[in-house]
Structures are given as structure tokens and as C-alpha cells.
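Q: model this:
(chains A and B)
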Amino acid sequence: MTFSRDGRDLHALRGVDLRIAAGEIVGLVGESGSGKTVLGLSMLGLLPKSARVEGVVTVDGVDITRASEPMRRKLRRSALGAVFQDPMTSLDPTMRIGRQVHEVAGSTAEVLRLLAAVGIPGGQRRLRDFPHELSGGLRQRVMLAIALAGKPKLVIADEPTTALDVTVQAQVLTLFRRMRDEHGCAILLVTHDLAVASTVADRICVLYGGLVAEVGQVRPVLDHPGHPYTAALMTSRIRLQADRRHQLPVIAGEPVQPSTDPAGCNFAPRCPAATPLCVEKRPLLTVVPAQGGLAACHYHAGEDVARGLSRVAGLWGPSVPTAGDGGVTVRRLSVRFPGRRGLRRSEPFDALREVDLDVNRGESIAVVGESGSGKTTLLRVIAGLQAPTSGSVVLGGAGRMPQMVFQDAGSSFTPWLTVGQHLYERVAHLPMATQGERVSEVLNRLGLPAEVARARVQQLSGGQRQRAALARAVIEPPDLLLCDEPISALDASLAATVLNLLGRLRRELGFGMIFVSHDLAAARLVADRIIVMTGGRIVEEGPPDNVVDHPSNPYTQALLASVPQVSTCR
Amino acid sequence: MARFLLVRAFGAVGVLLALVTVVFLLQTAVPGDPVRASVGVNASDEVVEAERERLGLDEPLPVQYATYLGQVVRGGFGESLRTGRDVRDDIGAFLPATLELAGFSMLLAVVGGLLIGVLAVVSSRFATPARLLFVGGASVPSFLLALIFIYIFYFKLSWLPLSGRTSVADAPEAPTGLLLLDSLLHARPDVFLDALRHLILPGLALALVPAVAIGRVLRSSLIEVYRSDYIRTLHAKGLPPRSVLFRHALRNALSAPLTMAGLQLGLLLGGVVIVEAIFAWPGIGLYLNQSIAFSDLRAIAGVTLVVGAGYVIVNTLVDLAQAAADPRIRL
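A: The predicted structure follows:
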């Protein structure tokens, strides 16, 4: 599958073979840009017109990439179902959900049966709800009901739980499994999260740079990965049991550019076990003796690479929070969003209720909670982006404003300015000569090549974007770095890289950090102290290991129970 | 909903009060003496003063203002200097013709706008003409269009009549005053068709610019909607393109074009005044034109109020339509 953009060919998929058997759940895992979404869309016959396709995608005996449009529609209606990432935007906001399901279900009785099957309580009453009247989890269930209408043979679910809270994610994943058991439909679960795939899938297919790196039964593949990339995903994943004293083992380097077409292995430039053969000759999928799956590696070097990575992962130096100047003191902080009148009316909403928080100089705090818990509002008030309704925030230190890093680093840059211009903006008050030094110093510190300064953010890879955002934040070291879900959209190896980077930067530069996340495992690794929030209040606070090993609050326990884990024999 | 309408009604009263005040104050700044003009240049000073006294124009300004407001509240607009009748009755006589023309043009504008916008998105053949239309149509004033239309369709092609509402002498004038409606009520298809032929040129002249504006906004918001996730869901459901467009995309794309429609239809009410003069259309626009020549301030104020009220009503209807299109908007 090749796209043309600005006269250049972008290779989204480079010759993928994949077979999904009836009633099978296949987890399709890869980082952004690996081609996993394109592969899912190609099975639905929903590729943009500019895509050039070689090979075939046979659905129910028909090649959907070359079928006529009416034929494709018939296949989508009868043989296929789809669930997409964002339940907030994937349903028509102006149509009642009953009708949206009815469009494909055909009868009200069938609509009610489907809604009941996907666990939407209330039956008849719900039919007249609009999407905006439902929670994210319920909307995703409606999507699933639509996907299941017409008894499809295959449901393609593209990151179906990424936009959901962890507790809801667990429920929806269970639902997928049940749907397969009850309806017998095959499911292609596209995800960047190995743990999500491993909890529901029968088989797993790892994509890297538009090629299948490894495919096989979940358990054997994860226990004995044949491909170094699979191994890297396994070792660098952020686990609740990871050793907090060590840095996370990661594979350095950037994913293969879609505009290039290397002769050898896509992964060779990043692979610690790469040999000249790897650069010259593209490896084919061959059976991995240890587990019976297929891996595209000349040496099936997965397990060696995993051992090597774990060995070289460095120890962290001490984190030294000190009381006094440079911290933050939050007292009885409340934020109420008033309801809106007139068009688009809404009820008032208490985002924060009398929150007290002290962050010492150089201390790293993780604020964990689900959407609506108030964690992001707390961050915004401390950053000065949101005025408190009552209470106070006192920033210590030399009055340097805290800096922020966001989940979507790409959209936090002005699209027409270069990364360099963003960096110079932050040091504009310094003498000209020093500015250049500071820029090259910070790029170096973050492991970014000097060319990045001349690039616009959309030319960077996902990992580079998040590092560029960090560079902008720390070019003038702040007293406090505020991170809003900085890793939740990244795949395991990139997420681990960013966590390592945050840990290193704060030790080198001595700033404090507030790390907002829904992920307790990541929180445990970056924080000196974890705070759990729900409903605008802090419900639990303590050292990471205490919170994770002995949670006292039922809400924390529920969060912990919902964290998807890769269950392996090791 | 009731609350929304109540708030709107209060707002309307405020707008109209401001209009009355501005128009009323303007008469103090008007050069010349309308009263002398109305009784004749040769009339004696006594006659002029008597007329002035009869009309209450000799009172101090605040008293005149209060008297006028009192009249308006009771539903009258004062006596016209030109016709000698209450302005309310004059407007009552001229308004149906304007309502018919404005209503017809608005219908043309909205239907035309929808058509242009949808065609520009779904038909590749129409894409280029649509672009030309968007550039050209946005920059032509309605009076110029009127003159061009007259030149082509009346002088050159003789397809359509030049002026007036009808050329049938015994056209029915009751009960509504709307010719299209009255002719149907009296079972006179000849009058209906004749009235329609008379409506086309002024209607097109008024409707083209708003139609193009609405179409352009609809096009861009439809394109936006087509990029959204839920449209992808609909394709994945296997819906045919027609259902995707008419059942889903169009309704979601309506918000911006409706806002544009409110703005344009308000402007259209202003354009009526000029277009009526060009086509000798016997509506309040023509009445206003003649009244301006006489400095007939009561008449001018009356028409201004009626047009102002029309503006408020059109925009309220647009807001209601917006709420009907988007369930997330609750009035």
C-alpha cells in the first residue's frame, strides 16, 4: 500500500501477509506509523482514493480492494463490522442512537437485542438518547452494537479502548471476548498496547514499518519473542512490577521513514543484534522453533536482544526533593465551571473541591485519575491557565513560570514555525550569542539531531515530537515541569524512552515535576509520591510502592485491578 | 424554548426602540421643511403653521417623541405627510407585495444555496462552475444584477416582464394580498403564472448573492463533515452515499450555513428597497422610496420598524432551525 504525498511515495504497507480465521481474535500491534490502521481500513475497503494497492485483501471470498463500490458496501453490511478509536466522534451527533443502530439492524427488536448484548442498560429508553447524552464507555458499546448488526464474520476494532478510562477499558475488552464467544465473529484488534492485545487476543501480529515482524499465538510469542522488536516492546513495557531503581530498558533510534525503502531489515538500524546481512537482505517470515510462530528475523534474535537490553538498563541516581524554595503550595483549591446559559446550556461542574497539595523543590509527583477526576484542571491552575474559583496556589522559587508538556506534542507546536523558532522564542531574553549555544545544548541533551531545529513539527516522528516538546520546556530549566498524559498516545518503546528522559532531565536539571496520568504503572516509575484523584478530590496519597502494593482507597484498588497486564510465564 | 422566545421578544423590543429613536432624531437634522412641502410651496405661513399644529409638530421634541412612542405602542405609526393617511394603513396596503417578494427570494436563496453547496461537494463536474459562481456571485450587488437581468431577459430575450406584480387587470386582491395565494384561492391559474413570471427577475436579483454565500459556507462545512470520524463509521456500516449525505452529513453541516442565512436574509430585506424601485414593485420598498423624496419621516420610521421587526423574526427563526438541526443545542 503506497500513498503519494507531495510527489513522494510513502510506503504504508510493504508486503503484509495475514490470515484471520473464523472466530479468531487477532491482536495487531504496532507503533504509530507502523501501518496497522491502514491495514485495518484496507480490510474495510475504506482506503483513500490516492492509495495504490498491490496484492489482495480477500474478505469472505471477495477481493475488497478491487470490488465495485456497491459490492464493498454489501460486504461491509453483511460480513464486516468496525469499531473506531474515539467513541466521542465516531457516532453521528445529530441522530438518536436507536436510529443509528436501526440503520444496519433493520428492526427495533434487533436493535434492542443488540443493545442488550453489548450491555447497554435501559433498553427501550435508551433508543431516544443522542450520543452526547452517553458516557464514552456506553458510546463505544453502541459502536460495537452497530458493528455486530448483521452478524458480521469479522469485526475490525481500531484502538477501541485507547480513548477510554482504564476501568471502562477493562469492561469493553471483556465484552469483545464475550461477543466472539457468543456471535462467533472474528475480531482484528488494532492497538499500540501490547498488554491490551495480550488480554483478549488468541494470536498476535506485530507490525513494524509496514511489515509483519512477528505473528503467532499470544502466550508463546510473548514468552519467547523471535523478533528483536517484539522483544523490545516486551522489555520496555511499563509494568506495575518493574524495578523502580532501574531505568527502563529501551531500544534507541527512530522508526523507519515511510518515504524510504530499505533493502534490508526495517529494524536493522535500531537493532542491537544487527549484522551486515540484516542491512543487505530483507528477512522473510520463518518459523521460530522455540514457540512455533513466525518471525521476520534472520537470527530470531528476540530473546538475546531482550536479555541484552535488560542488562544495560542503568541505575537511577537519587531523587532529592528538598523542602523550601522552588516548590508549590496549593491550599483549599476549588474550581467550579459555571453552567452555560442560552444555546448549548450545561450544568455547573465542580472540577476541583478544596484540594491541598505540597510539592517540594525537585520532587516528582504523579497525579492519577480518570477523566473528570480533576487532575488536568489541577495542572492547568498551577500552570496559570485556569483561574481558581477559590483557594490559592503559591509558586516558590525565582518566579519562573512552570512549563507544560502535553499528550499530543504535535498539536502543541505552531504548525508553520520550525522547532528551532519555538526554542529561540523561549530564550529570546538572552544575548544573541548565548541563544544559539542554549539551543544546540538542549537538542544534544535530548538526543535530537541538529537538523530538528530546522524542521517543522509535522516532519518529525512521534518520539521526536515529544522530545522537541520537552526541549522547549527545559531549554530554560523551569522550577516545575507539568506533564499532562505525555506518554498515553505512545507505544511501549517510545513511552519508556520518554519516561527515562523525564527521569534523567529532572535529576540533571533539578526541577520538580507533576506528572498527570491515568496509568498507575507509569506513575509508580516516575514519581516520588503518587496522588490519586477522583471527583475533584484527592482520595489517596503516598510513596509509589505503598500506593501500588497496599492501596487503602477502594477507588485506587479498582484502578489497579483494571491496569491491563501482559501475563507471561516468566 | 419558551424562555428563549421570551428573551428574544425582549431583545426585539430593545432593537425596535433604538430604531424608533434613531429615525425620530434624524428628522431634527433633516434640512428644509417637510410640512411646507406637503401643503404646497405657495401656501401661506398661517396654513403651514396650522398644519404643523394639527400634526403636533410644533410641540417640543421630547413631547413629540413621547406622543409618537404612545402611538406606536397602540399600533399606529402617525399620519403620513404625503398620503394623509395613517402610515400603518399605508404599510398594510404595500406590505403583502413585499412579503411575497421577500418570501419568494428567501426561498430561492435557501433552496439555491443548498443546491449549490451540495452540488459543489458531490459533483466533480459542478466543482469548477461552483468556484466561479462563488467568486463572481459574492461580489455583485443586487441592483447591478437586477439591471443585467432586465437587459438579458426583458430587452434581449423578451422572456419575462419588466415591472409590477401582474399584467392581469382583474387580478384578485383579497383575502391575503399575496398574489400567488389569492390567485389559487380564486382558481385563477392564469394570474398565478403571470404573478410568478413577474416574481422571477426581482426574486433572482435578490436571491443570488445570499444563495451563493449560503452555498459557499455549506460547501466548506460539508467538506469538514465528510472528514469526520462518524462519516467513516457510516461508510463502514455499508450505507449508500445518498443516505450518508441526506440522512447524516447534511444535517450535521447545517449550523454554519444557517448562521450565514440569518445574516444574508437580513441583508436581503434591505435589498428589497432598491430592487422594488427598479422593478416598480408596489411594496413597502417603493413606498419608502417615495416617502424619502417627500421627507415623510413618519412613513420612513414606520417602514424602518417593520423591516427591523422582520430582521429580528428571520434571525429568531434561524436560531430555532439551528436548534432543530443539532440536538446538542437546547434553547
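Q: give me phi/psi at the residue lying closest to A:C271 once chain neighbours are set aside?
A: Spatially, and ignoring its direct neighbours in sequence, A:C271 is nearest to A:P228 (5.0 Å; Cβ to Cβ, 6 or more residues apart in numbering or on different chains). Backbone N, C-alpha and C define where each C-beta goes, glycine included. A:P228 has phi and psi values of phi -60, psi -30 when expressed as degrees, to the nearest 10.
Q: just A:R73 next, same as before
A: Dihedral angles (degrees, to the nearest 10) for A:R73: phi -60, psi -40.
Q: tell me where the model's unsure across the chain.
A: No chain specified, so I'll use chain A. A:320-326, A:340-346, A:567-570 (pLDDT under 70).
Q: my question was about chain B
A: Low-confidence segments of chain B (pLDDT under 70): B:28, B:31-32, B:331.
Q: centre-most residue in it?
A: B:L269 (2.6 Å; Cα atoms, centre = their mean).
Q: any idea how far it lies from chain A?
A: Relative to chain A, B:L269 is positioned 24 Å away (Cβ to the nearest Cβ, to the nearest Å).
Q: please point out which parts of the helix or strand hosting that residue sit buried.
A: Counting by DSSP states H and E, the secondary-structure element that holds B:L269 is helix B:255-278. Across helix B:255-278, burial judged by 16 or more other Cβ atoms under 10 Å in any protein chain shown covers B:255-266, B:268-269, B:271-278.
Q: and what of stretch B:72-92?
A: Neighbour-count burial for stretch B:72-92 flags B:72, B:76-83, B:86-88, B:90-91 (criterion: 16+ other Cβ under 10 Å).
Q: what is the end-to-end distance of it?
A: With Cα to Cα, to the nearest Å as the measure, the ends of stretch B:72-92 fall 15 Å from one another.
Q: contact partners of it?
A: B:20, B:34-35, B:37-38, B:55, B:68, B:71, B:284, B:287, B:290-291, B:294-299, B:301-303, B:305-306 (Cβ atoms under 8 Å, 6 or more residues apart in numbering or on different chains).
Q: cutoff 10 Å now
A: With contacts defined as Cβ atoms under 10 Å, 6 or more residues apart in numbering or on different chains, stretch B:72-92 is touched by B:16-17, B:20, B:34-35, B:37-39, B:51, B:54-57, B:64, B:67-68, B:70-71, B:93, B:98, B:177, B:283-284, B:287-288, B:290-291, B:293-303, B:305-306.
Q: show me the helices in the stretch 1-150 of chain B, by range?
A: Ranges of helices in the stretch 1-150 of chain B, per DSSP state H, counting those that start in this stretch, are B:2-29, B:34-39, B:45-54, B:61-73, B:87-122, B:127-139, B:142-149.
Q: quick one: contacts for A:E103?
A: With the criterion set at Cβ under 10 Å, 6+ apart, A:E103 makes contact with A:77, A:92, A:95, A:111, A:146, A:149, B:234, B:237-239, B:243, B:247-248.
Q: and those, which of them are buried?
A: Buried among those (16+ other Cβ under 10 Å): A:77, A:92, A:95, A:111, A:146, A:149, B:234, B:237-239, B:247-248.
Q: okay, those in TSV with secondary structure next?
A: Formatted as TSV, those follow (DSSP: H, G, I helix; E, B strand; the rest coil):
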residue	secondary structure
A:R77	helix
A:D92	coil
A:M95	coil
A:V111	helix
A:I146	helix
A:A149	coil
B:L234	helix
B:K237	helix
B:G238	coil
B:L239	coil
B:R247	helix
B:H248	helix
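Q: not counting sequence-adjacent ones, nearest residue to A:F3?
A: In space, A:F3 is closest to A:L10, 4.6 Å off (Cβ to Cβ, 6+ apart).
Q: I'd guessed the one you found sits against A:V256; true?
A: No. With contact defined as Cβ atoms under 10 Å, A:L10 does not reach A:V256; the gap is 11.5 Å.
Q: for these two, indicate the residue with more neighbours.
A: A:V256 (24 against 18; other Cβ atoms under 10 Å in any protein chain shown).
Q: for the more buried one, what are phi and psi?
A: phi -60, psi 140.
Q: quick one: residues contacting the one residue sitting closest to the centre of chain A.
A: Per Cα atoms, centre = their mean, the C-alpha nearest to the average position across chain A is that of A:A489, at 2.6 Å. For A:A489, the contact set (Cβ under 10 Å, 6+ apart) comprises A:32, A:159, A:162-163, A:192, A:407-410, A:462, A:466, A:495.
Q: same deal with A:Q435?
A: Counting by Cβ under 10 Å, 6+ apart, A:Q435 has contacts A:423-424, A:426-429, A:475.
Q: nearest residue to residue 328 other than its sequence neighbours?
A: By default, I'm working from chain A. In space, A:V328 is closest to A:V359, 4.4 Å off (Cβ to Cβ, 6+ apart).
Q: hmm, no, I was thinking of chain B.
A: A:H132 is the one closest to B:R328 (Cβ to Cβ, 6+ apart), at 5.3 Å.
Q: try B:F104
A: B:G203 is the one closest to B:F104 (Cβ to Cβ, 6+ apart), at 4.7 Å.
Q: please apply the same query to B:L179.
A: B:A195 (4.0 Å).
Q: what about the one you found, which helix or strand?
A: Counting by DSSP H and E, B:A195 is found in helix B:189-226.
Q: repeat for A:V190
A: Using DSSP H and E, A:V190 sits within strand A:186-191.
Q: closest approach to chain B from the stretch 151-300 of chain A, which residue is it?
A: The stretch 151-300 of chain A approaches chain B most closely through A:I156 (8.1 Å), counting by Cβ to the nearest Cβ.
Q: the host helix or strand of that residue: what's the following helix or strand?
A: Taking DSSP H and E as the criterion, the element that holds A:I156 is strand A:154-158. Using DSSP H and E, the next helix or strand after strand A:154-158 towards the C-terminus is helix A:166-183.
Q: and that following helix, which residues are buried?
A: Under the neighbour-count criterion of 16+ other Cβ under 10 Å, helix A:166-183 has A:166-173, A:175-176, A:179-180, A:183 buried.
Q: hey, what's in contact with both of A:L10 and A:V256?
A: A:33, A:210.
Q: ok, of the buried residues of helix A:166-183, which one's closest to A:S236?
A: Taking Cβ to Cβ as the measure, A:S236 lies nearest A:V166 of these, at 19.9 Å.
Q: and the gap between the closest one and A:A213?
A: Separation of A:V166 from A:A213 (Cβ to Cβ, to the nearest Å): 27 Å.
Q: nearest spatial neighbour of A:V16, chain-adjacent residues omitted?
A: A:V212 (5.5 Å).
Q: residues touching A:S334, list them.
A: The contact partners of A:S334, taken as Cβ under 10 Å, 6+ apart, are A:350-355, A:374, A:381, A:388-391, A:536.
Q: do the same with B:L99
A: B:176-178, B:272, B:283-284, B:310.
Q: between the residues you listed, which has the most around it?
A: Comparing those on neighbour count, B:I284 comes out first with 29 neighbours (neighbours: other Cβ under 10 Å).
Q: would you confirm that it contacts B:A309?
A: No. B:I284 lies out of contact with B:A309 (Cβ under 10 Å); the separation is 11.9 Å.
Q: returning to that earlier point: beta partners of the residue of the stretch 151-300 of chain A closest to chain B?
A: Beta-bridge partners recorded for A:I156 (DSSP bridges): A:A82, A:L188.
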